[in-house]
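Novice: sharing a model that was predicted from the sequence below.
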Amino acid sequence: MTAIVSLRNVVKRYTRGKQQIEVLHGLNLDIEQGEFIALMGPSGSGKSTLLNLIGGLDTTTAGEVFVAGERIDQLPSGRLAKWRARHVGFVFQFYNLLPQLTAERNVELPLLLTKLSGAQRKKNVQAALAVVGLSDRAKHKPNELSGGQAQRVAIARALVADPTLLVCDEPTGDLDRSTADEILGLLQTLNREQGKTIVMVTHDPKAAEYASRQLHLDKGQLVNGEARAA
Amino acid sequence: MKFIPLVWSALWRKKTRTIFTLLSIVVAFMLFGMLQGVNSAFNATVDRANVNRLIVASAVSFTESLPYSYLSQIETVPGVEAVSHQSWFGTYFQDPKNIVFSFPMEADRFVRVSSEYQIPPDQLDALRRTRTGAIVGEDLAKKYGWKIGDRVSLHSTIWTKIDGTSDWPFDIVGIYRVADDPNRNSEFYFNYAYFDEARSFGKGSVGWCIVKVSDPAQSASIAQTIDKHFANSSYETETKTEKEFQQSFLKQIGDINFIVTRILFAVFFALLFATGSSLMQSVRERIPELAVLKTLGFTDQGVLVLVFAESLLLCVLAALAGLAVAAALFPGFKDVFGVVRLPPAVIAEGVIMAALLALLTGLPPAWRAKRLNIVDALAGR
């Protein structure tokens, strides 16, 4: 197996007022291509920080982050943005769809940064909405969708540009149990059938069960090695 | 082009706010179009003034008359080619709202000095032959449906006749045209002889003299000679070029340019804050959404351009709407300003102003969006 994500001695410190807070302390991690990782741990353990570093949303204080063979922790902001567009699909807890755009326009957003023609973009959008089972909701705006449907649109948006990995931050945190199971099932299908590498932050042990591997983070360090899901 | 739906939808995210902001810009640019249009048209009139002509008026006031005998004396000044005269008649047609710019004149003197007026020779002859004859500009004739042979009556607010009435009947004998200055096609000229005989006071006087000089380079010295000639007389004169005369005439109304500039400055200053705060508020509300765009791979510069494009689209669209309203309303004020249509230069100037407004109001929020830190913005910090 090939490590698609590698973190070496990663340190992350934040400055809050006059205080320096170290969130990650020399963290090492490898994630293989096609893995579905559930990143767990108590609040403040550094899960979201780690996810932001893997997704190229934030930079390290020290250490190295390699994703898809490219070192991203030293990329300047403009190149990092372009790298994100090419390699990462994001799914957020609160969906973060643009309220004024229809579902299909929301899904189309990452494709606006590509050189695809309008017709090709439309085709890809329809395909992504079909994958999440929302072809009939293409013209609906986010406020006309249920929470589960909105999260499916967000997943379609994350998928549409065919990224190297999906980064999900509490994707079921705002959903009821049965809807959460649908979303997690969808992520699992994407992982198993399309081979998508997924890194998911969650507090929910039931959600973590859908992953192929669980990582536990506490006080900025991975604890007890890495537990494989049953 | 592919980003336009994104910009457009962001603009209409809060419809009510956008409509009010849009309306405030529309009204401001409508005002800009009307005021700047009048200003520009007045300036154009001044710019079109004939360099070969001098205006001799009373040194005391433009409204003071000069003796008719001055014409023959001015004709003796070296360099003077021809002399004509006019007087302010101050009339309206049927209703005080229908102001008619009318002037008594002598046909032969008039055509020698004001050769830009195109009057068919037979109509000019008819004017010479008809004591109550009048020639009218083609626009004025069209406005009231006048044609040759019609008898019309104008009411003068200044001049009463010997019989005590102020209604002056005229026979329209000709219709003239000034090709390069359409603003002059709304005037009304009639025989001085009729005016002088019929008026109850001021006989033997003229409002001002119009002097055609053979060499414009000599205008200053000719003007000096004329004024010197009438110095220490009962009716001292002040001679100016037609351009200077037009300028001073307009200044009697007020310094149009000064007034217009100050009003527009105040309007745009207020608009700057109104539009600026509206755009800033719009960006503040959308911080998480802008952070999402950055997350998806939009660069800092890309987000800056998107936000700035919203401001540009809003300002330019609203400005064009405001200018269109001004252009549509403009002909309605022809009687007040004497201007036919909104000059195209004003529209171009308006679009530049709109772009400047967009730059000043759009740049601060766009800059804020550019500097947005994704992690902080998504975390609501």
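Specialist: Perfect, I can see it now.
Novice: and stretch B:18-38, what's buried?
Specialist: Using 16 or more other CB atoms under 10 Å in any protein chain shown as the burial criterion, the residues of stretch B:18-38 that qualify are B:18, B:21-22, B:24-38. Where you see a C-beta, it was placed from the backbone N, CA and C, and this is true even at glycine.
Novice: kindly report the same for stretch B:283-291.
Specialist: For stretch B:283-291, the neighbour count (16+ other CB under 10 Å) marks B:283, B:286-291 as buried.
Novice: quick one: average confidence on it?
Specialist: Averaged across stretch B:283-291, pLDDT comes to 92.
Novice: briefly note if that stretch comes near chain A.
Specialist: Yes: contact between stretch B:283-291 and chain A, assessed by CB under 8 Å from any CB of the partner chain, occurs at B:288-289.
Novice: list, one by one, the residues from chain A near chain B.
Specialist: So far as CB under 8 Å from any CB goes, chain A lies against chain B at A:52, A:55, A:57-58, A:77-78, A:81-86, A:90, A:92, A:96, A:98-101, A:105, A:109-110, A:112-113, A:118, A:121, A:157.
Novice: in ChimeraX, how would I select just the buried ones from these?
Specialist: Burial among those is assessed by 16+ other CB under 10 Å; the matching ChimeraX selection reads:
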select /A:52,55,57,58,81,82,83,84,85,86,90,92,96,98,100,101,105,109,110,112,113,121,157
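Novice: so which residues of chain A form strands?
Specialist: For chain A, applying DSSP state E gives strands covering A:3-16, A:19-32, A:36-40, A:62-67, A:70-71, A:88-91, A:165-169, A:197-201, A:213-218, A:221-228.
Novice: redo those strands as JSON lines? Include mean pLDDT.
Specialist: As requested, the strands of chain A are exported to JSON lines (pLDDT from 0 to 100):
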{"stretch": "strand A:3-16", "mean pLDDT": "91"}
{"stretch": "strand A:19-32", "mean pLDDT": "91"}
{"stretch": "strand A:36-40", "mean pLDDT": "94"}
{"stretch": "strand A:62-67", "mean pLDDT": "94"}
{"stretch": "strand A:70-71", "mean pLDDT": "92"}
{"stretch": "strand A:88-91", "mean pLDDT": "94"}
{"stretch": "strand A:165-169", "mean pLDDT": "94"}
{"stretch": "strand A:197-201", "mean pLDDT": "95"}
{"stretch": "strand A:213-218", "mean pLDDT": "92"}
{"stretch": "strand A:221-228", "mean pLDDT": "64"}
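Novice: in a markdown table: those strands, plus distance to B:Ser166.
Specialist: Output for the strands of chain A, formatted as a markdown table (distance: least, CB to CB, whole Å):
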| stretch | distance to B:Ser166 |
| --- | --- |
| strand A:3-16 | 87 |
| strand A:19-32 | 90 |
| strand A:36-40 | 96 |
| strand A:62-67 | 93 |
| strand A:70-71 | 93 |
| strand A:88-91 | 84 |
| strand A:165-169 | 87 |
| strand A:197-201 | 92 |
| strand A:213-218 | 99 |
| strand A:221-228 | 103 |
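Novice: would you tell me which of the ones you listed gets closest to A:Val125?
Specialist: strand A:88-91 (13.9 Å; CB to CB).
Novice: how far off centre is that closest one?
Specialist: The chain centre lies 4 Å from the centre of strand A:88-91; the measure is CA atoms, centre = their mean, to the nearest Å.
Novice: please work out which residues outside it touch it.
Specialist: A:55-56, A:67, A:110, A:151, A:154-155, A:157-161, A:163-169, A:171, B:295-296 (CB atoms under 8 Å, 6 or more residues apart in numbering or on different chains).
Novice: which ones among those map onto helices?
Specialist: A:151, A:154-155, A:157-159, B:295-296 (DSSP state H).
Novice: quick check: angle from the helix ranked longest in chain A to strand A:197-201?
Specialist: Secondary structure assigned by DSSP H gives helix A:177-194 as the longest helix of chain A. Interaxial angle, helix A:177-194 versus strand A:197-201 (axes from the mean of the first three to the mean of the last three CA atoms, to 10 degrees): 150 degrees.
Novice: run through the neighbouring helices and strands of helix A:177-194.
Specialist: Helix A:177-194 is packed against strand A:36-40, helix A:147-159, strand A:165-169, strand A:197-201, helix A:205-208, with contacts defined by 3 or more CB pairs under 8 Å, 6 or more residues apart in numbering or on different chains; DSSP states H and E.
Novice: one more time with 10 Å, if that's ok
Specialist: When contacts are defined as 3 or more CB pairs under 10 Å, 6 or more residues apart in numbering or on different chains; DSSP states H and E, helix A:177-194 sits against strand A:36-40, strand A:88-91, helix A:118-131, helix A:147-159, strand A:165-169, strand A:197-201, helix A:205-208.
Novice: buried residues, the third one. List them.
Specialist: Think helix A:118-131. Applying 16+ other CB under 10 Å to helix A:118-131 flags A:121, A:124-126, A:128-129, A:131 as buried.
Novice: what's the answer for stretch B:240-249, then?
Specialist: Under the neighbour-count criterion of 16+ other CB under 10 Å, stretch B:240-249 has B:240-247, B:249 buried.
Novice: pick out the most distant pair among these.
Specialist: Using CB to CB, the buried residues of stretch B:240-249 span at most 12.4 Å, a distance reached by B:Thr241 and B:Phe249.
Novice: what's the burial count for the residue in chain B that chain A sits nearest to?
Specialist: At 2.4 Å from chain A, B:Gly297 is the closest residue in chain B, using CB to the nearest CB. Burial measure for B:Gly297: 25 neighbouring residues, criterion other CB atoms under 10 Å in any protein chain shown.
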